[in-house]
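S.K.: Sequence below, structure please.
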Amino acid sequence: MNKHTITGLDIAKQVFHLIRLDRSGKEVQRKKLRRSQVLRYFAQQPVGHIVMEACASSHYWARELRMLGHTVELLPPQHIKGYVRGQKNDYNDARAIAEARLHGAIRPVAIKTIAQQDEQAVHRCRHQLVRERTALCNQLRGLLGEYGVVMPRGVASVRRRIVGILDSDAVTPLLKTVLQRQYRRLLALDEEVAWYDAALKQQVRDDPVCQRLCALPGFGPVVSTAFKSWLGDGRQFRRGSDASAALGVVPRQHTSGDKPRLLGITKHGDSYVRTLVIHGARAVVRAAARKDDALSRWINRLVATRGFNKAAVALANKMIRIGWVVVSRGETYRPRPV
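M.R.: Below is the predicted model of the structure:
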């Protein structure tokens with residue numbers, strides 16, 4: 001292996017397959033490796049160019065192979081599929097990865113650091129707990145609806161009403177026992193979510209970048225830490241508009257001939273981070289109706305002409321671009337004077 005070849009590595013849990021191509025696309029080598037053999041094999045090879053699909057455990061292997069001196073790139077899976085030829089097997093997948101890098105102008109995925117993956121682990125676990133809590137509240141609302149007890153939406157509303165129902169005779173003794181157990185489960189989920197919220201707030205206090213991001217409208221501790229863990233140092237993008245496009249908050253284009261047509265947003269990239277940023281923007285748009293600063297006036301004009309939802313997405317796009325500047329250039333957000 002050398003700088004004149006490209007190695008496509010198809011990773012898995014136990015068995016890895018590689019295809020090595022020269023710069024003309026001719027196959028030079030193919031090999032199957034057990035998981036325990038991968039690092040030992042590449043440590044014995046001359047420094048070269050290794051390409052993998054950005055998938056589960058790919059960031060770990062990219063970091064390990066980089067430490068051995070190799071040039072490593074991760075490619076988005078959706079751009080590799082078009083290069084697969086013949087039947088579906090691991091060698092063909094490895095060849096497609098190598099050919100995608102050899103012939104395609106594909107923007108590689110930034111390799112995440114261990115710190116970024118730690119931060120994302122906190123967010124993923126918190127998100128799962130919030131979903132469980134929401135599902136539990138919806139289940140309780142549905143169960144009580146069968147008994148003629150209608151509760152408003154929202155975790156806080158369910159929590160308050162459950163306490164009142166447990167102190168009354170509105171339901172049967174058996175259902176009351178069930179509700180008591182589910183209420184204890186709800187309190188346990190509240191406690192877990194509170195721990196993760198405290199961990200994210202502590203991360204903001206310890207990280208100057210997150211502190212600067214929190215100055216952006218709609219960016220609290222949850223949004224700031226999630227955005228920073230997704231973006232990293234921001235150097236993989238040349239400009240802020242590239243970051244907003246990677247997160248999928250730009251219009252989807254369907255143009256033919258002289259008739260340009262823009263549709264809804266592309267929804268590319270990390271859906272979790274995009275959802276957080278847009279929800280934060282929606283809160284800012286709701287509050288803008290009561291304010292008279294420059295940003296609020298811009299938002300209110302958009303709401304009047306394009307509607308609430310498009311104004312929220314436009315604000316999210318703007319905040320992502322500003323957030324990229326804050327992270328990549330080390331600048332501080334300065335609101336426009338009134």
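
S.K.: pretty sure residue 328 is in contact with residue 238, am I right?
M.R.: No. In this structure, residue 328 is not within contact of residue 238 by CB atoms under 8 Å, at 9.8 Å. Every residue, glycine included, has its C-beta placed from N, CA and C.

S.K.: more crowded one of these two?
M.R.: residue 328 (19 against 10; other CB atoms under 10 Å).

S.K.: if I pick that one, what's in contact with it?
M.R.: Counting by CB atoms under 8 Å, 6 or more residues apart in numbering, residue 328 makes contact with 233, 234, 235, 237.

S.K.: how about the nearest residue to the second one, chain neighbours excluded?
M.R.: Counting by CB to CB, 6 or more residues apart in numbering, residue 328 is the residue found nearest to residue 234 once chain neighbours are left out, at 3.3 Å.

S.K.: So which residues of this protein form strands?
M.R.: For the chain, the strands defined by DSSP state E occupy 5-10, 15-22, 27-34, 49-53, 71-75, 251-253, 262-265.

S.K.: So, low pLDDT: which residues of this protein?
M.R.: Applying pLDDT under 70 to the chain flags residues 1-3, 337-338.

S.K.: can I see the domain layout of it?
M.R.: Using automatic domain parsing, the domain ranges for the chain come out as 5-103, 115-206, 209-328.

S.K.: among the strands of the chain, which is nearest residue 130?
M.R.: Taking CB to CB, strand 262-265 is the member of those nearest to residue 130, at 23.3 Å.

S.K.: Packing partners of the closest one?
M.R.: Helices and strands touching strand 262-265, as assessed by 3 or more CB pairs under 8 Å, 6 or more residues apart in numbering; DSSP states H and E, comprise strand 251-253.

S.K.: Contacts for the strand it packs on next, please.
M.R.: Contacts with strand 251-253, where a contact means CB under 8 Å, 6+ apart, come from 260, 261, 262, 263, 264, 265, 266.

S.K.: returning to what we had before: could you export the domains of the chain as a markdown table, including distance to residue 335?
M.R.: Converted to a markdown table, these look like this (distance: least, CB to CB, whole Å):
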| stretch | distance to residue 335 |
| --- | --- |
| domain 5-103 | 35 |
| domain 115-206 | 20 |
| domain 209-328 | 6 |
